[in-house]
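Asks: fold the following for me, if possible:
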Amino acid sequence: MKHEDQLPSLFDEETHRPLAERLRPRSLQEVVGQEHLLATDAPVGRMVEQRRLVSAILWGPPGSGKTTIARLLAERTDVAFETLSATFSGVADLRKVFETARRRREVGQGTLLFVDEIHRFNRAQQDGFLPYVEDGTVVLVGATTENPSFELNGALLSRCRVFVLKRLDTTALNSLIERAERLTDRALPLDDDARQSLVAMADGDGRFLLNMVEQLQALSADTTPLDTAALTEQVQRRAPLYDKTHESHYNLISALHKSMRGFDPDAALNWLARMLDGGEDPLYIARRLVRFANEDIGTAEPQAVHQALAAWDVYERLGSPEGELAIAQAVVHLSTAPKSIAVYRAFGAARQRAHQTGSLMPPMHILNAPTRLMKDLGYGEDYQYDPDTPDGFSGANYFPDGMERETYYRPAASGHEENIRRRLDRWAALRNQDRNTET
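Replies: Numbers count the residues shown, from 1 in each chain. Predicted coordinates:
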């Protein structure tokens, strides 16, 4: 029997530190999934080898290693490491850090200031960094999950390099699991399929993965290997990365649009499901489908806009989840419909010309003459009523006086627009025939 002082303490520091903390890399080479930045011939790797730090913004998803990289940059270049969270820090905390950094600088030591969630500082607070970054009092390394070009001041952004961290892929996540098993000298109680499911459940977040691994390693050592169903009962799936007000919102709606435009209903349904699972307002999606029907399909498939409007109406009547099926049906219809931006381009060109020729009057023959005076002035004179002409087409000029005829609408050779194109070509031929007859 072991003596009492030989038993492991309930408060043993190493044993009770979170697994993610115990596995925190001790060198840049141990950081997984970010070789495009950290390799010796990559931007951050070269910077460390040359021991020339520059202020930087680390932009990447949660659990991709931003905090670890910042800490290792300080260690590898022998500068003091200060850390603040924009969520919990204010002006007083910043002043204290800057004053401490100034005193270090006077004795020849640099300071790396790591600011987590830097996008949460307001514009005035971000401006407060500028003089200290410019004069070298601190090397600023900010971490953000949001697009810096949207969330950070242009002045601050211009003084920092932006390094984009990748979501951890399957290889990187499996590497973390293997490290955890070596550190704890215990394999995870999972069968092969469950192991793959665990990686998928992490959704690219290394920290979240290690938290799930720690939960699983707390199970009894003689636990029968879990299958996927048993795994999902033991651990919680990571909530998908989605924020209705930030970049992921715009990324996913862009992906949905481009998948529909590219005739890929399966990819489009995937992005639709991702948005709905993330909590997006289905009515926002419905409005975007109506816009897509007009902008990307137009007269190539005139029913497209009606399908989109119907989906909007059905959802408003039924709500979730039943109404979401109508939105999915519209997504499939729009994805498989012929595409044309002919109307979109035609309207843009017409508006541009309208700005240039806005004062030109319509030709007199297409103006109404409700008074005797207007009739005497020539309003409506020689107007031809098209249905009464032999071809049902008069060929009259409807452009402003003093403006040559122009072509804006050029229908695509697909879908319903192919029929429109044939009609326009026929009318153009009749118009030319009348012109030749007159000459």
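
Asks: nearest residue to residue 340 in space, please, no chain neighbours.
Replies: Sequence neighbours aside, residue 300 is the residue nearest to residue 340 in space, at 3.7 Å (criterion: Cβ to Cβ, 6 or more residues apart in numbering). For glycine as for every other residue, the C-beta is placed from the backbone atoms N, C-alpha and C.

Asks: let me know how buried that neighbour is, in neighbour terms.
Replies: Neighbourhood size, residue 300 [other Cβ atoms under 10 Å]: 23.

Asks: and it, what does it touch?
Replies: 337-340, 342, 411-412, 414-417 (Cβ atoms under 8 Å, 6 or more residues apart in numbering).

Asks: may I have the phi/psi pair for it?
Replies: As for residue 300, its main-chain torsions (degrees, to the nearest 10) stand at phi -70, psi -30.

Asks: residue 336 now?
Replies: Note on residue 336: its backbone torsions stand at phi -100, psi 0 [degrees, to the nearest 10].

Asks: ok, and the closest non-adjacent residue to it?
Replies: Leaving aside its sequence neighbours, residue 336 sits nearest to residue 265 (Cβ to Cβ, 6+ apart; 5.8 Å).

Asks: report the contact partners of the one you found.
Replies: Listed by Cβ under 8 Å, 6+ apart, the contact partners of residue 265 are 259, 331-332, 335-336.

Asks: now do it against residue 259, distance only.
Replies: Counting by Cβ to Cβ, to the nearest Å, the gap from residue 265 to residue 259 is 8 Å.

Asks: show me what counts as buried in the helix or strand harbouring residue 324.
Replies: Element membership of residue 324, judged by DSSP states H and E, is helix 322-336. Residues of helix 322-336 classed as buried by neighbour count (16 or more other Cβ atoms under 10 Å): 323-324, 326-328, 330-335.

Asks: identify each buried residue in whichever helix or strand comes after that helix, please.
Replies: Later in the chain than helix 322-336, the nearest helix or strand by DSSP H and E is helix 342-356. Residues 342-343, 346 are the ones in helix 342-356 that count as buried (16+ other Cβ under 10 Å).

Asks: now do the helix or strand just after helix 342-356: distance to the chain's middle.
Replies: Using DSSP H and E, the next helix or strand after helix 342-356 towards the C-terminus is helix 372-376. For helix 372-376, the gap between its own C-alpha mean and the chain's C-alpha mean amounts to 61 Å (Cα atoms, centre = their mean, to the nearest Å).

Asks: residues making contact with helix 372-376?
Replies: 367-369, 380-381.

Asks: could you do stretch 179-197 as well?
Replies: With Cβ under 8 Å, 6+ apart, stretch 179-197 has contacts from 19, 22-23, 177, 198, 210, 213-214, 216-217, 219, 221, 223-228, 230-232.

Asks: before we move on, back to that, quick check, nearest of the contacts of residue 300 to residue 45?
Replies: Using Cβ to Cβ, residue 339 comes nearest to residue 45 of those, at 44.4 Å.

Asks: in contact with that closest one, which residues?
Replies: 261, 263, 296-297, 300, 412, 414.

Asks: turn the buried residues of helix 342-356 into JSON lines, including pLDDT and distance to residue 147.
Replies: Formatted as JSON lines, the buried residues of helix 342-356 follow (pLDDT from 0 to 100; distance: Cβ to Cβ, whole Å):
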{"residue": "342", "pLDDT": "93", "distance to residue 147": "33"}
{"residue": "343", "pLDDT": "93", "distance to residue 147": "32"}
{"residue": "346", "pLDDT": "93", "distance to residue 147": "34"}
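
Asks: low pLDDT regions in the protein?
Replies: Confidence mapping of the chain against pLDDT under 70 gives the ranges 1-16, 220-221, 236-248, 434-439.

Asks: residue nearest the centroid of it?
Replies: residue 251 (2.0 Å; Cα atoms, centre = their mean).

Asks: doesn't it belong to a helix?
Replies: Yes. Looking at residue 251 with DSSP: H, G, I helix; E, B strand; the rest coil, it is inside a helix.

Asks: residue 36 versus that one, what's the distance?
Replies: 20 Å.

Asks: tell me the angle of the biggest helix by length in the chain relative to helix 342-356?
Replies: Using DSSP state H to define each element, the chain has its longest helix at helix 416-438. If you take axes from the mean of the first three to the mean of the last three Cα atoms, to 10 degrees, helix 416-438 sits at 50 degrees to helix 342-356.

Asks: okay, now the domains of the protein?
Replies: 34-164, 170-234, 247-336, 362-438 (automatic domain parsing).

Asks: let me have the ones you listed in CSV, extended by distance to residue 352.
Replies: Output for those, formatted as CSV (distance: least, Cβ to Cβ, whole Å):
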stretch, distance to residue 352
domain 34-164, 29
domain 170-234, 44
domain 247-336, 17
domain 362-438, 9
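
Asks: now the contacts of helix 372-376 as TSV including neighbour count and distance to residue 288?
Replies: What follows is the contacts of helix 372-376, written out as TSV (neighbours: other Cβ atoms under 10 Å; distance: Cβ to Cβ, whole Å):
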residue	neighbour count	distance to residue 288
367	16	41
368	10	40
369	16	46
380	15	44
381	12	48
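
Asks: against which helices or strands is the helix holding residue 324 packed?
Replies: helix 247-261, helix 265-277, helix 282-292, helix 303-318 (3 or more Cβ pairs under 8 Å, 6 or more residues apart in numbering; DSSP states H and E).

Asks: so which of these comes closest to residue 78?
Replies: Nearest of the helices and strands packed on helix 322-336 to residue 78, taken as Cβ to Cβ: helix 247-261 at 35.3 Å.

Asks: and stretch 208-222, what's buried?
Replies: So stretch 208-222, judged by 16+ other Cβ under 10 Å, has buried residues 208-214, 216-217.

Asks: chain center to it, what's the gap?
Replies: 33 Å.

Asks: what's the answer for stretch 75-85, then?
Replies: 31 Å.

Asks: contacts for it?
Replies: Outside stretch 75-85, the residues within contact range by Cβ under 8 Å, 6+ apart are 28, 48, 51, 53, 67, 70-71, 74, 93-94, 97, 100-101, 104, 109-117, 138-139.

Asks: only C-alpha atoms, please: export that stretch in PDB.
Replies: This file holds the C-alpha atoms of stretch 75-85, laid out as PDB (Å, rounded to 0.1, in the frame of the first residue of the first chain):
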ATOM      1  CA  GLU A  75       9.200  33.100 -27.000                       C
ATOM      2  CA  ARG A  76      11.200  32.600 -30.200                       C
ATOM      3  CA  THR A  77      12.200  36.200 -30.400                       C
ATOM      4  CA  ASP A  78      12.900  36.800 -26.700                       C
ATOM      5  CA  VAL A  79      10.300  39.600 -26.200                       C
ATOM      6  CA  ALA A  80       7.900  40.000 -23.300                       C
ATOM      7  CA  PHE A  81       4.500  38.600 -23.900                       C
ATOM      8  CA  GLU A  82       1.500  40.600 -22.800                       C
ATOM      9  CA  THR A  83      -2.100  39.400 -23.500                       C
ATOM     10  CA  LEU A  84      -5.400  41.200 -23.400                       C
ATOM     11  CA  SER A  85      -8.900  40.200 -24.300                       C
END
